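S.K.: Sequence plus predicted model, see below.
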Amino acid sequence: MSVPAVDLTVCPDRLESDLGALAQLVETDHPGWTRTALGPVDREARELVRRWMADVGLETSVDGAGNLFGRLRGTGSGGHSLMVGSHTDSVIGGGRFDGIVGVVGALEAVRVLRESGRQLEHDLVVVDFFNEEPNEFGLSCVGSRAMVGELTGDHLGLRDDQGRTLADALEGVGIDPAGALGAGYDFSGVDTFLELHIEQGPYLEAQGSQVGLVESITGISRFRALFTGQADHAGTAPMDRRRDAGCAAAGTVLAVERIAAEGDHTKGTSGQVTFTPAAVNVVTAHAEFRGEFRGPEGEWLRHAQERLTAAAGEEGHRRGVDVEVDWLPLQEPAPMSDPVLATLTEVVDGLGLTSSRLFSGAEHDAAVLARRVPTGMLFVPSRDGRSHCPEEWTDLADVTAGVTALTQALIALDRRGKP
Ligand code: GLV
Ligand code: MN
Ligand code: MN
């Protein structure tokens, strides 16, 4: 079955202009399009988004966790709403589309609805979630976690490499940590959450599909590994008497790769590796890195945690290096709502767009909201599957098709009510 499309026109020029304006607000000391949530530019970008929200007639507000909301009042009196949005922060050296497409797309949907004179019965709440990308404390989806009441005191106590806490860093960007902990959102009236996003992988392009219909979002398990050995002279310390923390860390990095390669659709990645002292002629005394596993099965993630902790212990044991592996709470895989997926499918078919169903290996605020609200996600293709890099690209025609599908889906969901 397909849903007949309503007559309305998304404006590619406006999308291009909004994407271009946000692309100007970046941290210029990094490559690509960098706008880290705890960095110096993010607040300015979010203030721009707030002005855009106000310009299209949304009532704006910011919660205690820095999430930015714009509400379009509906005609209904039942206090029901549809929520739509994504994020505008980026990874260091990232691209111009990750997250941003979902925010400018939601704003364009509002413009199109208003121009068409069509009023929704539901309130429409556009969200620019604070800090979706993993920050220097290893925590992602800070804003959406706070909304679902899953931001904790332990999270705020996480430390970066300089020993600063996340609470300190939040204060540094004007967010009161206590306010962040109290930023739970009342989802009782929210019937559906929708997020439009770039695919960030090669599947849609390979399939020749204009739109991706997300079936589920990956689970993630992140850790921080600390290795403590002993500094020694690089030229005189015998190889068999060294306690080289760098080698134990390197062996563990390779274990991450090995474990992930053995699963099905599973991934393992290590980053942020530091050796101290960082000197070519000193045996490494301390090493530290952060890593993660991803996959469609929570059980596999738990198994990977056990194996990696054991592998790190073995790497340390045979080198006389002390090892500590701290795991963040595991993020379970998030299936999308079947009824929402069915509506999205009917809408996309009604528009005559080519589509594929797929699994998201990238994490999204949608995975967090799915724990409280029936949730759906639409993807648009990423050129060469590239993302989290300056080469990240999605053609404007594809963004436009995605925003058209998003707008039509909001109309269809408004008619259908709670799935
Ligand atoms: C976010 O983009 C992630 O998947 O890490
Ligand atoms: Mn990202
Ligand atoms: Mn994203």
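M.R.: Received the coordinates, thanks. Ligands and ions are numbered 1, 2, ... in the order given.

S.K.: C-alpha from now on. contacts and neighbour counts both.
M.R.: Noted.

S.K.: Setting aside sequence neighbours, what's the nearest residue to the closest residue to ligand 3 within the stretch 1-150 of the chain?
M.R.: Per CA to the ion, Gly99 is where the stretch 1-150 of the chain lies closest to ligand 3, at 4.1 Å. Nearest residue to Gly99, sequence neighbours excluded (CA to CA, 6 or more residues apart in numbering): His87, at 4.6 Å.

S.K.: and the closest residue to Thr28 other than its chain neighbours, how many residues sit next to it?
M.R.: In this structure, Thr28 finds its nearest non-sequential neighbour in Thr34, 7.5 Å apart by CA to CA, 6+ apart. Using other CA atoms under 10 Å, Thr34 has 27 neighbouring residues.

S.K.: Surely Thr34 touches Gly94?
M.R.: Yes: with contact defined as CA atoms under 8 Å, Thr34 counts as touching Gly94 (5.7 Å).

S.K.: Could you look up the SS state of the residue of the chain most remote from its centre?
M.R.: Distance from the C-alpha centroid of the chain, by CA atoms, centre = their mean, peaks at Thr236 (47.2 Å). Put simply, Thr236 is coil when judged by DSSP: H, G, I helix; E, B strand; the rest coil.

S.K.: repeat for Arg145
M.R.: helix.

S.K.: who's in contact with it?
M.R.: 151, 368 (CA atoms under 8 Å, 6 or more residues apart in numbering).

S.K.: on that earlier part again, next up, phi/psi of the residue nearest to Gly99, please.
M.R.: When read as degrees, to the nearest 10, the backbone of His87 gives phi -130, psi 160.

S.K.: I'd assumed Cys141 was in contact with it.
M.R.: No: with contact defined as CA under 8 Å, His87 does not count as touching Cys141 (9.2 Å).

S.K.: any shared contact partners between those two?
M.R.: Joint contacts of His87 and Cys141 (CA under 8 Å, 6+ apart) are 129-132.

S.K.: what would the residues you listed look like in TSV with pLDDT, secondary structure and neighbour count?
M.R.: Listed next are the shared contacts of His87 and Cys141 as TSV, based on pLDDT from 0 to 100; DSSP: H, G, I helix; E, B strand; the rest coil; neighbours: other CA atoms under 10 Å:
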residue	pLDDT	secondary structure	neighbour count
Phe129	98	strand	27
Phe130	98	coil	29
Asn131	98	coil	27
Glu132	98	coil	26
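
S.K.: Can you tell me which of those residues is nearest ligand 1?
M.R.: Glu132 (7.1 Å; CA to the nearest ligand atom).

S.K.: Report the separation between the residue nearest to that closest one when sequence neighbours are not counted and Asp89.
M.R.: Excluding its sequence neighbours, the residue lying closest to Glu132 (CA to CA, 6+ apart) is Cys141, at 3.9 Å. Per CA to CA, to the nearest Å, Cys141 is found 11 Å from Asp89.

S.K.: The two: who's more crowded?
M.R.: Each of Cys141 and Asp89 has its neighbours counted (other CA under 10 Å); Asp89 has more, 30 against 23.

S.K.: Surely that one and Phe130 touch.
M.R.: Yes: using CA under 8 Å, Asp89 makes contact with Phe130 at a distance of 7.5 Å.

S.K.: Return every residue with contacts to both of these two.
M.R.: Any residue near both Asp89 and Phe130 by CA under 8 Å, 6+ apart counts here, and that gives Ala37.

S.K.: Stretch 210-222: how far from the chain's middle?
M.R.: Its chain's average C-alpha position is 11 Å from that of stretch 210-222, according to CA atoms, centre = their mean, to the nearest Å.

S.K.: same deal with stretch 281-296?
M.R.: 22 Å.

S.K.: likewise stretch 268-284?
M.R.: 27 Å.

S.K.: And stretch 128-143, by the same measure?
M.R.: From the chain centre to the centre of stretch 128-143 is a distance of 7 Å (CA atoms, centre = their mean).

S.K.: List of residues touching it?
M.R.: By CA under 8 Å, 6+ apart, stretch 128-143 touches 36-38, 46, 65-69, 85-91, 103, 144, 151, 155, 158-161, 165-166, 222, 290, 364-365, 368.

S.K.: how about the strands in the stretch 1-150 of the chain?
M.R.: 59-62, 68-72, 81-87, 123-129 (DSSP state E, counting those that start in this stretch).

S.K.: Pull the residues that contact the second one.
M.R.: In this structure, residues lying in contact with strand 68-72 by CA under 8 Å, 6+ apart are 46, 50, 53-54, 57-62, 123-130.

S.K.: What mean pLDDT does it get?
M.R.: The predicted model assigns strand 68-72 a mean pLDDT of 98.

S.K.: Direction included, what does it pair up with?
M.R.: Sheet pairing here is set by DSSP bridges, and for strand 68-72 it gives strand 59-62 (antiparallel), strand 123-129 (antiparallel).

S.K.: try the third one
M.R.: Taking DSSP bridges as the criterion, strand 81-87 sits next to strand 123-129 (parallel), strand 190-198 (parallel) in its sheet.

S.K.: could you dump those strands to CSV with distance to ligand 3?
M.R.: Below are those laid out as CSV (distance: least, CA to the ion, whole Å):
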stretch, distance to ligand 3
strand 123-129, 10
strand 190-198, 7
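
S.K.: Throw those strands into CSV and include distance to Val10, thanks.
M.R.: As requested, the strands paired with strand 81-87 are arranged in CSV below (distance: least, CA to CA, whole Å):
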stretch, distance to Val10
strand 123-129, 17
strand 190-198, 15
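
S.K.: Out of those, which gets nearest to ligand 1?
M.R.: From the strands paired with strand 81-87, taking CA to the nearest ligand atom, the stretch that ends up closest is strand 190-198, at 9.9 Å.
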